[in-house]
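Participant: The following comprises the amino acid sequence and a computationally predicted model.
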Amino acid sequence: MDAGDVRTVVFTAVAGYHLLNDAFGNIIFALEEVSVERLLAEHGGQIVESYRISGAPGPWAADLTSAAQLFADEGMKGFMLSSSYGLSGWIIAGDYRVEPRDPSALR
């Protein structure tokens, strides 16, 4: 792989995320923007249980109905991420951008 092909995805205003099987260099297959309502509907049980056990992903998880409205009011977006192998999960954030990765970071 050419170092010029390597990119970094940067999320802004992150409110919460859950990523599994990060191999620290995954090849992202898809990053789909979805409504926060859909994300909370699909992952709400997991979010509520994580909050009950550890307080993660944040205090908003105590009431998903209020969280959905809060995120809508703030213009937050949901993202579903998958990779060629391994990495998958969701992110609630304001937005994202794709940047070239510093080639020195590949050493």
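Facilitator: Alright, I've got the coordinates.

Participant: hey, let's count contacts and neighbours off CA atoms from now on
Facilitator: OK.

Participant: Glu37: neighbour count?
Facilitator: For Glu37, the neighbour count with other C-alpha atoms under 10 Å is 19.

Participant: If we ignore the residues flanking it in sequence, what's nearest it?
Facilitator: In space, Glu37 comes closest to Ala68 once its chain neighbours are excluded; the distance is 5.9 Å by C-alpha to C-alpha, 6 or more residues apart in numbering.

Participant: quick one: secondary structure of that neighbour?
Facilitator: Following DSSP: H, G, I helix; E, B strand; the rest coil, we place Ala68 in the helix state.

Participant: Count the residues that sit near it.
Facilitator: Ala68 has 21 neighbours, counted by other C-alpha under 10 Å.

Participant: What of the one 4 residues further on?
Facilitator: Number of residues near Ala72 (other C-alpha under 10 Å) recorded here: 14.

Participant: Asn26 too?
Facilitator: 15.

Participant: tell me the phi and psi of it?
Facilitator: Main-chain dihedrals, Asn26, degrees, to the nearest 10: phi -60, psi 150.

Participant: what residues are up against it?
Facilitator: Ser83, Ser84, Tyr85, Gly86, Leu87 (C-alpha atoms under 8 Å, 6 or more residues apart in numbering).
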